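*Asks:* coordinates only, sequence not included:
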């Protein structure tokens with residue numbers, strides 16, 4: 001009766017998998033995901049972003065990795081690497097001075113470590129905070145655009161489940177439709193005004 005299974009793939013870059021001490025290869029990860037699809041199990045792929053050693057090259061390797069897969073997408077995008085107490089990465093962060101105030105850091109974690117998407121709790125990359133989120137968004141977009149072209153109907157269903165369904169659960173059908181129409185109108189007005197200004 002199994003219909004779906006989660007896979008902590010984390011990255012499509014062998015360099016990063018080695019840094020994480022995953023003890024698996026990119027080829028093994030690809031085979032596991034394809035095997036799941038072939039036997040009718042939907043693989044839910046979890047991916048990380050910003051692990052020590054993350055570069056533009058490793059991000060591109062992750063995009064290329066996803067392109068080789070069947071209809072598999074990172075669930076909710078790429079998760080920002082966040083060191084949690086007890087993990088080796090947490091002690092690494094303390095030792096390197098990446099966590100400057102441990103008490104404050106733990107308070108931020110307990111408040112919800114996803115934060116507001118403007119500044120990572122710990123930045124392990126050489127990117128500044130602005131580039132950090134810009135490159136994350138660009139990588140996710142490259143993956144989603146490719147998948148949308150390759151599997152348009154599936155992407156539409158996933159967008160519905162990922163974006164629309166939580167709104168329906170929270171606001172109900174009528175309010176969700178109303179809010180969506182208002183949002184689309186607002187976006188259309190902005191686009192229209194932009195075009196007028198360009199003329």
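*Replies:* Looks like it arrived, so ask away. Just so we're clear, the structure is a prediction, and the values are computed from it rather than from any experiment.
*Asks:* Now do the helices in the protein.
*Replies:* Using DSSP state H, the helices found in the chain span residues 14-19, 26-38, 56-67, 88-95, 102-110, 129-150, 152-159, 165-171, 173-198.
*Asks:* looking at these, which has the lowest confidence?
*Replies:* Here the helices of the chain differ in mean pLDDT, and the lowest is helix 152-159 at a mean of 63.
*Asks:* Please convert the helices of the chain to JSON lines, extending it with mean neighbour count and distance to residue 45.
*Replies:* Quick note: C-beta positions are derived from backbone N, CA and C, even for glycine. Below are the helices of the chain laid out as JSON lines (neighbours: other CB atoms under 10 Å; distance: least, CB to CB, whole Å):
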{"stretch": "helix 14-19", "mean neighbour count": "18", "distance to residue 45": "14"}
{"stretch": "helix 26-38", "mean neighbour count": "15", "distance to residue 45": "7"}
{"stretch": "helix 56-67", "mean neighbour count": "18", "distance to residue 45": "8"}
{"stretch": "helix 88-95", "mean neighbour count": "15", "distance to residue 45": "21"}
{"stretch": "helix 102-110", "mean neighbour count": "12", "distance to residue 45": "25"}
{"stretch": "helix 129-150", "mean neighbour count": "16", "distance to residue 45": "10"}
{"stretch": "helix 152-159", "mean neighbour count": "13", "distance to residue 45": "12"}
{"stretch": "helix 165-171", "mean neighbour count": "12", "distance to residue 45": "19"}
{"stretch": "helix 173-198", "mean neighbour count": "10", "distance to residue 45": "27"}
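*Asks:* Any idea which of those gets closest to residue 80?
*Replies:* helix 129-150 (7.1 Å; CB to CB).
*Asks:* how far out from the middle of the chain is the closest one?
*Replies:* Helix 129-150 has its C-alpha centroid displaced from the chain centroid by 9 Å (CA atoms, centre = their mean, to the nearest Å).
*Asks:* so what does that helix touch, helix or strand wise?
*Replies:* Helices and strands in packing contact with helix 129-150 are listed as helix 56-67, helix 152-159; criterion 3 or more CB pairs under 8 Å, 6 or more residues apart in numbering; DSSP states H and E.
*Asks:* how much space between the closest residue to residue 30 other than its chain neighbours and residue 37?
*Replies:* Spatially, and ignoring its direct neighbours in sequence, residue 30 is nearest to residue 68 (6.1 Å; CB to CB, 6 or more residues apart in numbering). Residue 68 is 12 Å from residue 37, where distance means CB to CB, to the nearest Å.
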